[in-house]
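> give the three-dimensional model of this entry:
(one chain, ligands or ions: 1)
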Amino acid sequence: MNKKALPILCCLFFTLHTMAQQPFDTSSAISNLISQMTLQEKVNMIHASSSFTSGAVPRLGIPEFTSSDGPHGVRPEHGRGWDLTNNTADSGTYLPTGVCLAATWNPQLGVEYGKVLGSEAKYRHKNVILGPGINIIRTPLNGRNFEYQSEDPFLVSKMAVGYIKGVQSQGVSACVKHFAANNQEINRHTINVLMSERALREIYLPGFKAAVQEAGVNTIMASYNKFRGEWASQNNYLLNQVLKKEWNFKGVVISDWDAVTSTSEALWNGLDIEMGTDLHMLPNPDYSKFYLGDTVISLVKSGKIPEYLINDKVRRILYVMFKTNMINGTTDKGEYNTKEHQLTALKVAEEGIVLLKNQHNILPLNAKKIKSIAVIGLNANRKQSMGGGSSQVRAFYEITPLEGLQSIAGNKVKINYAQGYEIKRNAIANQSLIEEAVKAAKNSDVAIIVGGWTHGYDYNNWKDNAYDAEDVDKPNMDMPFGQNELIKAVVKANPKTIVVLMGGGPIDMTQWIDETASVIQNWYAGMEGGTALAKIIFGEVNPSGKLPMSFPKKLEDNPSYVLGEYPGDGNNVHYYDDIYVGYRYYDTYKVEPQFAFGHGLSYSNFEYSNLQLSSEGNNAKATFTIKNTSKIAGAEIAELYIHQEKSLLPRPLKELKGFEKVNLQPGEQKTISIPLNQNSFQYFNDVKNEWEMEPGVFDILIGSSSRDIKLNGKIKM
Ligand code: GLC
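Reported below is the predicted structural model:
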């Protein structure tokens, strides 16, 4: 047969099968292609061919595998030398970052979020979007918490599955990252993470397992760090044993960029594509010199490496290519910066922003009753989208908090802006800026301070003065740039002060929280963040977001400090905090957080009643009623926690095993049913090295947060 004819015949065969609605035999098509490939062509596919592509086989109609960051928007184009191009067509929808999405507790919204990413990735000719980032939030200091989701594996699992299904519904692959135990940025390229099998299985792996087994994620990015002494991108236990054997993962393992250190370890231990090693070769990278480059050819030819190893990697890549119609072609070209995408960004921000405190119901503001607002703080008037590192997005536009408030105020309410503080290295309180802010606050009915953490200015300076950024961890939880002094002075000048915090996680509020009437956690809420914040402040949107992580009062309360090690000794970090991450620690060890996991206020009030519990075998069901007793329509997230009364091994005081978000009109009530199964009750017994469901009595706790339990009952399993 004429070899040139094969790819055409493959496509024709696929088309005919599709038309005849017969299942296309991908496996045979893949085997056919592999049998046609030279060793060189196979090796070209298992390492990078540029900063964000891996090798094609044009002769056989196999395209390059093209990826792009990042978890909350399609990243600007890079040249082959990694420099940002001046491509004006690479702006995109800047979605709220991962932690804001998680704060919505709305997996269906995660699907919509993923659809935007997948559609825009396809429009930009990307086959893989390098997200979601789902590493567990173990310490408040991790610079990348803003990109991630939660301290709780159940919430991470539900939100990651939605996101991935959304992306892949567009014919683009998601790439869940960073596998595994990449929970700090300090020494991320060198640190060796050590933890019990129980902590690994109960806390750090569930999100990835759900991504594989529930969402069918096509690719996974292995992380930089070592895990139990072996680099995660060349880790036999994580990649071969757990991921590919136990979880039956059929897709592709991609290294983090420049994470590979050994040809044989990468080949034998489950890595499928080596990316980013060219970072050492700039400005003229030679991709054949990668660890999985031409070295592999000589190893195979000399018999030191069996060719089946290479074939398996190529098979996986082709499997994903067929699954996303990369080889057989697809008509849909994706969409870009559509109104619908921007509305999704707005909706995620509206549902993800969290109202933490609202004393005397100072919020929502009534535009008819106030004439002026002092908007204070550099974060009110600063674009964030290009900061943070690899997750940067050249936003099509970005509405800042100041712009959002100016827009909603219109000519009805006067906005007095004052910068309040300056962002520069080791900046302390700037008295003249504070005086200016105090004056604005005194001369206004209400003051809104927008502060908190920061990204760097832009990609080229992403670490400058950055507290939320890749390759950076925060030095502590202290408010930077003299913001504490600013807040205290403004609150003293005007008791009607609302503090809005931007950032990826908690900040030390102890110096002013008691005197401050209202606090909002704004995260990095994306291109429509300012609009969403303004709508919440003026009551056009009723807030419903809840914290996906605990906010400790001070860093020293955090379990990675109290029980565990962080950041480790530079070589090893021991997760002695084990399964006691976040609220699992605070509640079990009775440490009061500033704001609890799952906490978030609404302008509505909700009444919980009538908990009914039933069980059949290893399954159970919790049914209860929620009523909106206020005059304002709103959404409530009901959270279900379990507690095992007696267990062979110790268990946390409570563990999240279900949640439901419900929209209720004034006076409306709904009955909620949350199903439970064996996974809800079992724990990993790492003495026996297996999951175990011990018979006994379980407490079922229904709460508005992990610490605001409304209903509880007992069930015998
Ligand atoms: C980075 C990040 C990873 C990103 C990759 C490509 O170092 O760790 O999240 O996707 O490189 O930019």
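> contacts and neighbour counts: CA atoms only from here.
OK.
> shaky segments in the stretch 401-550 of the chain?
For the stretch 401-550 of the chain, the stretches flagged by pLDDT under 70 are 459.
> redo that, cut-off 90
Within the stretch 401-550 of the chain, the ranges that satisfy pLDDT under 90 run 424-426, 456-465.
> any idea how far T93 is from I637?
Distance of T93 to I637, computed by CA to CA, to the nearest Å: 27 Å.
> equivalent analysis for I579, please.
I579 is 25 Å from I637, by CA to CA.
> and for G329?
The gap separating G329 from I637 is 42 Å, by CA to CA.
> neighbour-wise, which of these two wins?
For G329 versus I637, the count of surrounding residues by other CA atoms under 10 Å is larger for I637: 22 against 12.
> what sits closest to the more buried one if chain neighbours are left out?
Excluding the flanking residues, the one nearest I637 by CA to CA, 6 or more residues apart in numbering is K661, at 4.2 Å.
> and for the one you found, the neighbour number?
16.
> over to it. Which of the three states is it?
strand (DSSP: H, G, I helix; E, B strand; the rest coil).
> report the contact partners of it.
105-106, 635-638 (CA atoms under 8 Å, 6 or more residues apart in numbering).
> can you check D577 too?
D577 touches 559-560, 562-565, counting by CA under 8 Å, 6+ apart.
> and if we set it to 10 Å?
138, 195-196, 199, 558-565, 585 (CA atoms under 10 Å, 6 or more residues apart in numbering).
> columns pLDDT and neighbour count on top of those residues, output as JSON lines?
Below are those laid out as JSON lines (pLDDT from 0 to 100; neighbours: other CA atoms under 10 Å):
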{"residue": "R138", "pLDDT": "98", "neighbour count": "27"}
{"residue": "M195", "pLDDT": "98", "neighbour count": "19"}
{"residue": "S196", "pLDDT": "98", "neighbour count": "15"}
{"residue": "A199", "pLDDT": "98", "neighbour count": "19"}
{"residue": "N558", "pLDDT": "98", "neighbour count": "25"}
{"residue": "P559", "pLDDT": "98", "neighbour count": "27"}
{"residue": "S560", "pLDDT": "97", "neighbour count": "24"}
{"residue": "Y561", "pLDDT": "94", "neighbour count": "16"}
{"residue": "V562", "pLDDT": "95", "neighbour count": "14"}
{"residue": "L563", "pLDDT": "96", "neighbour count": "17"}
{"residue": "G564", "pLDDT": "94", "neighbour count": "19"}
{"residue": "E565", "pLDDT": "97", "neighbour count": "16"}
{"residue": "Y585", "pLDDT": "98", "neighbour count": "23"}
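> widest-spaced pair of these?
Spatial extent of these (CA to CA) is set by the pair S196 and N558 at 19.0 Å.
> quick one, grab the pLDDT at K333.
pLDDT for K333: 89.
> these two touch, right, it and M326?
No. Look at K333 against M326 with CA atoms under 10 Å: they stay out of range, at 12.0 Å.
> any shared contact partners between the two?
Residues touching both K333 and M326 by CA under 10 Å, 6+ apart: G171.
> among these two, which residue is more densely surrounded?
The neighbour count for K333 versus M326, taken as other CA under 10 Å, is higher for M326 (19 against 15).
> so that one is in which element?
Assessed by DSSP states H and E, M326 sits outside every helix and strand.
> setting aside sequence neighbours, what's the nearest residue to it?
P63 (7.3 Å).
> give me the number of residues near that neighbour?
Neighbours of P63 using other CA under 10 Å come to 17.
> residue contacts, it?
45, 53-57, 321, 326-327.
> show me how far the helix or strand that contains V499 is from its chain's centre.
Using DSSP H and E, V499 maps to strand 497-502. Remark: strand 497-502 is offset 23 Å from the chain centroid, using CA atoms, centre = their mean, to the nearest Å.
> hey, C-alpha coordinates of that strand in CSV?
As requested, the backbone C-alpha atoms of strand 497-502 are provided in CSV (Å, rounded to 0.1, in the frame of the first residue of the first chain):
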residue,chain,number,x,y,z
THR,A,497,-15.8,51.1,56.6
ILE,A,498,-15.8,47.9,54.4
VAL,A,499,-12.5,46.1,53.9
VAL,A,500,-12.2,44.2,50.7
LEU,A,501,-9.3,41.7,50.5
MET,A,502,-7.8,40.6,47.2
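> following it, which helix or strand shows up next?
strand 518-523.
> tilt between that following strand and strand 497-502?
Per axes from the mean of the first three to the mean of the last three CA atoms, to 10 degrees, the angle that strand 518-523 makes with strand 497-502 is 10 degrees.
> helices and strands around strand 518-523, which ones?
The elements that strand 518-523 packs onto, with contact taken as 3 or more CA pairs under 10 Å, 6 or more residues apart in numbering; DSSP states H and E, are helix 98-102, helix 339-352, strand 354-358, strand 446-452, strand 497-502, helix 529-537.
> how about those, which one is nearest F481?
strand 446-452 (9.5 Å).
> pairing partners for the closest one, with directions?
strand 372-376 (parallel), strand 497-502 (parallel) (DSSP bridges).
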